[in-house]
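Peer 1: Here is my input, please return the structure:
(one chain, ligands or ions: 1)
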Amino acid sequence: MCGIIGIVGSRPVAPRILEGLERLEYRGYDSAGMATVSGDGIGLRRTAGRVETLKRLVAGSPLSGQLGIGHTRWATHGKVTLCNTHPHVVGQIAVVHNGIIENFEELRRTLEPRNLRYRSQTDSEIVAHLLYLELLDDPDPERAMRSVLERLQGAFSLVIMNADQPDMLMVARRSSPLVAGFGEDEMFVGSDARALVHLTRRLVYLEDGDWAVVRRESIELHDASHRPVERAVRHSEVQDEKPDPGEFPHFMAKEIHEQPEAVTYTLHRYVEPAGGELKFPEFPFDARDVPRMSIVAAGTSYYAGMVARYWFERLARLSIDVDIASEFRYRDPVLAPGGAVLAISQSGESIDTLMALREARAGGQHVLSLVNMAESTIERESDVTLHTAAGPEYSVASTKAFTTQLVVLACLAVSWGLQRGTLEAAEASVALDALARVRAGLAGILADTGCWDECVGQLARARDIIYLGRGSNYPIALEGALKLKEITYIHAEGFGAGEMKHGPIALIEPGTPVVVVAPHDKWFDKTASNVAEARSRGARIALISDRTGIEKLAGAATWTLPLPDSHALTAPILATAHVQMLAYRTAVTLGTDVDRPKNLAKTVTVE
Ligand code: M6R
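Peer 2: Okay, here's the model as predicted:
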């Protein structure tokens, strides 16, 4: 979380820093700030608001200078206030930071005798003080930087400006990402490629523990042991796209409606459209030999992993563990020799997922990943990466990333099923045909604009909403509940339908909405019984099902949300469109900030 940018320029930097911040705002939008160095010293502009407000502030009170840094904040330590907004300035030093300095309180205690004046409650400000003090004792900036880095614990990417040295930036990265870019007699640094590709495509990704002195024409990199190192300069292929919701009122609506296209592009990456052959990159193991695979992910990507478990187990008879990445890392998992880990992440930057991946690698696992954002850290640290072709996703609530993840996972399960001899060619071909029809299925669901109206009116008034599903639709219930709570702030929980009677049914009161994801599949009759149990306690049922399912439960459902007749592999993908639309429409009814819900950020790079 938090987006950072810095420019050592040969022309004014302020407008370009603001543009970079606009592109980084998905990392955090609690507050925004920037600083430049000019003949008058450090000029600072900050707001406890959005980048838009910062832009107005800078327009009214311009900043000159050819050296500058900027920051969009997702608050960790210290409330969302002006004084907690970055950059933090101490004397001639200005710092922007992404991550958490875990020992900042201890450092503050050790510095007590110096009677320092702290202006914020952040963990970040300590870095500016430490560097300032080091430079008092020894004016050599590199030695000072080294000594500060040795005292910091935690995860960070740092960009530091020194008004006494207006020709350079000092930068460092530990766990949190940082990339540098080469311009014409200028250098740029930023949290990710998206912040820089409009400025340059010649990028160098800092590795964990690296720090550097960045000047207009050069970058001097050092590794964690302070040895000079070279890192490859690469031509970035990351799409240069200015966020624009186009004709849609929100990015979330745009991204939901992009799904028919996005799933098709993704499908065609892995299945030859003409002949239907599956095409995957070479894996570092033979699918026939892999004993087990652990899937690690967070949030919506975790639910994609949960759906995939049903598919890998059924089609490829492969033993699968699915873990929330932040739990996997610390639970000392028993990993099978020769096993694989699959990290799923839209951003490719979620630190929990990255750390789980590193844990698995240390445990001798083959490392695979499934990411949407090319060139992300998770991709760079994987043996093999599969990409979704969803295009950039800006809304905090993930939508098209999820459905495209499901498409790739379905194809992989089919491919491994064939390779492991657990899936007949005829069954595989039926599954791939069904996947090819997802585009039309999603388009049909999204075209039926009226089907959510009545139900949404009730959801918007509810205190609690329950989502139920079984089998591969159980994770869709979880996803529906997550989507709804993150953008409407209404309490929603997803359960395996059979689990209801073991406790959650106590939540049902007359009128409680229960959204049931129940295509007419092998679990349908069992789910129908759970629907009856909820109904008899006064629940109002929103039923997501196909023609047969709707007919069978006609008497029990208050609202019906139709699915086309589909294959077991594709029903969860299609049902997702309904739970997304329910959440989106409810949020719009309530007037929440759909794309930037409170307390959240698009990319989560703190543990
Ligand atoms: O970028 P990732 O897929 O690794 O992100 C994982 C979660 O942070 C993300 O899915 C989050 O739960 C979304 N806000 C869900 O809509």
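
Peer 1: Can I take it that residue 439 is in a strand?
Peer 2: No - under DSSP: H, G, I helix; E, B strand; the rest coil, residue 439 falls outside any strand and is assigned helix.

Peer 1: pretty sure it is in contact with residue 265, am I right?
Peer 2: No - using Cβ atoms under 8 Å, residue 439 is not in contact with residue 265, being 9.8 Å away. Glycine gets a C-beta too; all of them are placed from N, C-alpha and C.

Peer 1: where along the stretch 101-250 of the chain do the strands fall?
Peer 2: Remark: strands assigned in the stretch 101-250 of the chain by DSSP state E, counting those that start in this stretch are 154-162, 168-174, 179-182, 187-190, 202-205, 211-215, 218-222, 228-229, 234-235.

Peer 1: who does the longest one pair up with?
Peer 2: Sheet pairing of strand 154-162 (DSSP bridges) gives strand 93-101 (antiparallel), strand 168-174 (antiparallel).

Peer 1: Check the chain for the residue nearest the ligand and tell me.
Peer 2: Nearest residue of the chain to the ligand: residue 299, at 1.9 Å (Cβ to the nearest ligand atom).

Peer 1: That residue is in contact with residue 398, isn't it?
Peer 2: Yes - between residue 299 and residue 398 there is a contact at 7.0 Å, judged by Cβ under 8 Å.

Peer 1: In terms of neighbours, single out the busier of these two.
Peer 2: residue 398 (27 against 22; other Cβ atoms under 10 Å).

Peer 1: What does the pLDDT read for the more buried one?
Peer 2: Looking at residue 398, its pLDDT stands at 98.

Peer 1: Pull the number of nearby residues for the closest residue to it other than its chain neighbours.
Peer 2: Residue nearest to residue 398 in three dimensions, not counting chain neighbours: residue 300, with 4.2 Å by Cβ to Cβ, 6 or more residues apart in numbering. Look at residue 300: counted by other Cβ under 10 Å, it has 22 neighbours.

Peer 1: Which helix or which strand is home to residue 300?
Peer 2: helix 299-316 (DSSP states H and E).

Peer 1: how distant is that helix from the center of its chain?
Peer 2: 18 Å (Cα atoms, centre = their mean, to the nearest Å).

Peer 1: I'd like the next helix or strand past that helix.
Peer 2: strand 319-324.

Peer 1: Serialize the strands paired with strand 154-162 to a markdown table and add fields for mean neighbour count, mean pLDDT and distance to the ligand.
Peer 2: A markdown table is the format used below for these (neighbours: other Cβ atoms under 10 Å; pLDDT from 0 to 100; distance: least, Cβ to the nearest ligand atom, whole Å):
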| stretch | mean neighbour count | mean pLDDT | distance to the ligand |
| --- | --- | --- | --- |
| strand 93-101 | 27 | 96 | 15 |
| strand 168-174 | 24 | 97 | 19 |
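
Peer 1: TSV please, covering those strands and showing distance to residue 363.
Peer 2: Formatted as TSV, these follow (distance: least, Cβ to Cβ, whole Å):
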stretch	distance to residue 363
strand 93-101	25
strand 168-174	22
